[in-house]
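Colleague: quick one: sequence plus predicted model below, questions after.
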Amino acid sequence: MKVRIKFAKYGTMKFIGHLDMMRFFQKAVRRAEIDVKYSEGFSPHQIMSFAAPLGVGIESRGEYMDLEVLSMSSEEDMKDALNRVMVNGVEVLSVSVLPDQAKNAMASVAAASYRLQMKEGDFPIDGLAEKLQQFYAQEHIPFTKETKKSVIELDLKQGIYEISAEKDNAIHMLVNASSSGNIKPTVVFEKFCDFAGCEIPASAIQVTRLETYRDLAGAAAEHRFVPLGETG
């Protein structure tokens with residue numbers, strides 16, 4: 001059977017890259033004595049896949065990975081077994097058995113929500129909420145993306161589903177996180193700073209991924225997103 005594991009990553013562990021997190025969980029699964037399924041062939045490996053890779057330095061309360069197991073006693077027992085072998089900065093929040101027809105975590109990702117706040121103090125931007133509204137009200141938000149092979153002109157507005165100021169002077173945003181249209185929250189913030197006329201280095205901002213979402217039957221245009229952990 002396949003299970004979906006939701007976990008949080010924070011503190012010093014936010015500096016651990018995606019490949020090292022994969023290796024960490026492979027070892028954790030063995031130490032927790034999970035009856036995991038291995039691939040066949042000369043170099044068998046655990047059948048495991050992660051949803052949307054998290055950038056280095058970003059914390060998260062909504063990371064997901066799928067794992068194939070041969071047997072398990074209960075979802076809660078697996079959660080407890082994994083948490084017993086976790087390190088400070090990684091916590092398993094839930095374990096859910098996936099329906100047979102469910103797509104894997106990576107293929108299911110449609111959007112992600114983020115919280116941005118200053119590491120020290122508040123954003124030095126007068127009228128933050130109003131300026132965020134004005135920024136989002138633009139018909140187009142042009143962005144030039146440079147790759148190794150080409151330069152691509154994009155419209156960020158198409159991938160920003162929500163952006164607003166929270167009461168504690170943080171910025172909340174919901175953006176496209178699919179493989180075909182992934183938008184980095186730091187890029188959105190940089191474009192907002194250009195619009196608002198502020199100079200805030202990325203190193204002064206703490207970004208936290210709050211949740212990762214899938215869409216319902218392709219209803220992304222209607223913002224009908226549900227967390228990846230809701231497997232029904």
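Modeller: Thanks, I have the structure now.
Colleague: need the single longest helix in this structure, by residues.
Modeller: helix 18-31 (DSSP state H).
Colleague: what helices or strands is that one leaning on?
Modeller: Applying 3 or more CB pairs under 8 Å, 6 or more residues apart in numbering; DSSP states H and E, we find helix 18-31 packed against strand 48-50. C-beta here means a position set from N, CA and C on the backbone, and glycine is covered the same way.
Colleague: can you give me how far the strand it packs on is from the chain middle?
Modeller: 14 Å (CA atoms, centre = their mean, to the nearest Å).
Colleague: tell me which strands that strand pairs with, and in which orientation.
Modeller: Using DSSP bridges, strand 48-50 pairs in its sheet with strand 59-68 (antiparallel).
Colleague: so which strand or helix has residue 134?
Modeller: helix 128-136 (DSSP states H and E).
Colleague: buried residues in that helix?
Modeller: 128, 131, 132, 135, 136 (16 or more other CB atoms under 10 Å).
Colleague: the last one is in contact with residue 160, isn't it?
Modeller: Yes: in terms of CB atoms under 8 Å, residue 136 counts as a neighbour of residue 160; the distance is 6.7 Å.
Colleague: returning to what we had before: contacts for the helix holding residue 134, please.
Modeller: 125, 141, 157, 160, 163-165, 169, 171, 191-192, 195-196 (CB atoms under 8 Å, 6 or more residues apart in numbering).
Colleague: max pairwise distance over those: which two?
Modeller: 157 and 169 (24.2 Å; CB to CB).
Colleague: name the nearest of the contacts of helix 128-136 relative to residue 110.
Modeller: residue 160 (13.7 Å).
Colleague: and that closest one, what is it in contact with?
Modeller: Taking CB under 8 Å, 6+ apart as the test, what residue 160 contacts is 136, 141, 173, 174, 175, 176, 183, 188.
Colleague: point out where this protein drops to low pLDDT.
Modeller: 217-223, 232 (pLDDT under 70).
Colleague: hmm, back to that, filter the contacts of helix 128-136 down to the buried ones, PyMOL style.
Modeller: In PyMOL syntax, the buried subset of the contacts of helix 128-136 is picked out as below (16+ other CB under 10 Å):
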select buried, resi 125+141+157+160+163+165+171+191+192+196
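Colleague: buried residues of stretch 115-123, list them for me.
Modeller: Those buried within stretch 115-123 under the rule 16+ other CB under 10 Å are 115, 116, 117, 123.
Colleague: quick check: the second one is in a strand.
Modeller: Meaning residue 116. Yes: the assignment for residue 116 (DSSP: H, G, I helix; E, B strand; the rest coil) places it in a strand.
Colleague: quick one, what contacts it?
Modeller: So residue 116 contacts 170, 171, 172, 173, 185, 189, 205, 206, 207, 208 (CB under 8 Å, 6+ apart).
Colleague: sounds good, over and out.
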